[in-house]
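In: generate coordinates for the sequence data below:
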Amino acid sequence: MDKIRLKKTIRVKVISMGNAETGKSCIIKRYCEKRFVSKYLSTIGIDYGVTKVLAKDREVKVNIFDMAGHPIFYEVRNEFYKDTQGALLVFDVTNRASFDALDSWLAEMKQEIGDPSEMEKVVFCLCANKVDRTSQRAVEEYEGHAWANSKGFHYFETSAASGDGISELFEKLFQGLVTAYENGGKVERINTTLGYTKEQIDAIQRLKSGTDDWKRLGLLPGANKDEINKAYRKYAVLLHPDKNIAPGSEEAFKILVSARTNLLKNR
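Out: Here you go, the predicted structure:
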């Protein structure tokens, strides 16, 4: 008898999460149907599908629940978080708001599951989608990678349009699901050595995107000299080019020095 048939078929539940228009449905269709739907069709509530795959010499029956990202469908999707083994957490690299919303999606899932320990049993894959739109990119790879790394999630750069990264994404997801099953539900969290932290990336982003020097240093207008210097020292420790390799740190450090100089000069 074939080796694969000797092993029990695993049945798993996978959900997709993320803001509307991030490409959740397109990612799933690209993998399951090998096609891309260019016209945007909003998911109404929940789409459901079933597929069978082989992972680590085991047959896996996957029940996929593609959840609508629009807030008006919260009352529909909130019923589907429980008993989840795998989750695709998707953001659009051309839309920073969809990246900033990732924490709120995890919070929503945690709230609906109820038991925080159940979150530890879910294999998460963060999908930075639409990477084919290079010129429109608003979230850089190092930012997404740092966020995923801080959570212990797998990270993938994907394009449902071109197919880039899609096969690798699902292969890693299914392998992770089988491994968790064979380990009694214990999920192996990822700990990639990036050479920089999410805290450093957040600091770089704050300095580069701040609309004035107060916001760049995370201060309220009118802060005193000691508060300005304290904020400067905090960021200087994080971003000094001689002490870290976070992408963009040199530019951010120059912005930091300039912001501090300007604020002290105007006091």
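
In: so what's the residue count around Lys8?
Out: Residues within reach of Lys8, counting by other Cβ atoms under 10 Å, total 9. Yep, even glycine has a C-beta here, placed from its N, CA and C like the rest.

In: please read the previous query as pertaining to Ala236.
Out: 15.

In: strands of the stretch 151-267 of the chain, residue ranges please.
Out: Remark: strands assigned in the stretch 151-267 of the chain by DSSP state E, counting those that start in this stretch are 154-157.

In: show me the helices in it, by range?
Out: 166-182, 198-209, 213-216, 225-239, 249-265 (DSSP state H, counting those that start in this stretch).

In: please name every helix or strand in contact with the last one.
Out: What that stands for is helix 249-265. helix 198-209, helix 213-216, helix 225-239 (3 or more Cβ pairs under 8 Å, 6 or more residues apart in numbering; DSSP states H and E).

In: go through the longest one and flag the buried ones.
Out: With burial defined by 16 or more other Cβ atoms under 10 Å, the residues of helix 225-239 counted as buried are Ile228, Asn229, Ala231, Tyr232, Tyr235, Leu238, Leu239.

In: out of the helices and strands packed on helix 249-265, flag the one nearest Val131.
Out: helix 198-209 (17.9 Å; Cβ to Cβ).

In: and the closest one, what does it pack onto?
Out: helix 141-151, helix 213-216, helix 225-239, helix 249-265.

In: rewinding a little: in TSV: the helices of the stretch 151-267 of the chain, plus mean pLDDT and distance to Gln85.
Out: Below are the helices of the stretch 151-267 of the chain laid out as TSV (pLDDT from 0 to 100; distance: least, Cβ to Cβ, whole Å):
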stretch	mean pLDDT	distance to Gln85
helix 166-182	93	6
helix 198-209	90	26
helix 213-216	94	41
helix 225-239	92	37
helix 249-265	92	38
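
In: tell me which of those lies nearest to Ile28.
Out: helix 166-182 (9.1 Å).

In: give me the residues contacting the closest one.
Out: Identification of contacts with helix 166-182 by Cβ atoms under 8 Å, 6 or more residues apart in numbering yields 10, 12, 14, 27, 30-31, 53, 55-56, 58, 60, 62, 85-86, 88, 121, 123, 125, 127, 154, 156, 158-160, 186-188.

In: and for stretch 58-73?
Out: Contacts for stretch 58-73 (Cβ under 8 Å, 6+ apart): 4, 7-22, 24-25, 28, 32, 42-54, 76-77, 80, 174, 177-178.

In: and stretch 104-113, by the same measure?
Out: For stretch 104-113, using Cβ under 8 Å, 6+ apart, the contacting residues are Met17, Gly18, Tyr74, Asn78, Tyr81, Lys82, Thr84, Ala87, Leu89, Pro116, Met119, Lys151.

In: turn the residues you listed into a markdown table, columns for pLDDT and neighbour count.
Out: Formatted as a markdown table, the contacts of stretch 104-113 follow (pLDDT from 0 to 100; neighbours: other Cβ atoms under 10 Å):
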| residue | pLDDT | neighbour count |
| --- | --- | --- |
| Met17 | 93 | 26 |
| Gly18 | 94 | 25 |
| Tyr74 | 79 | 12 |
| Asn78 | 86 | 14 |
| Tyr81 | 91 | 23 |
| Lys82 | 90 | 13 |
| Thr84 | 94 | 23 |
| Ala87 | 96 | 26 |
| Leu89 | 96 | 24 |
| Pro116 | 84 | 8 |
| Met119 | 92 | 16 |
| Lys151 | 92 | 17 |
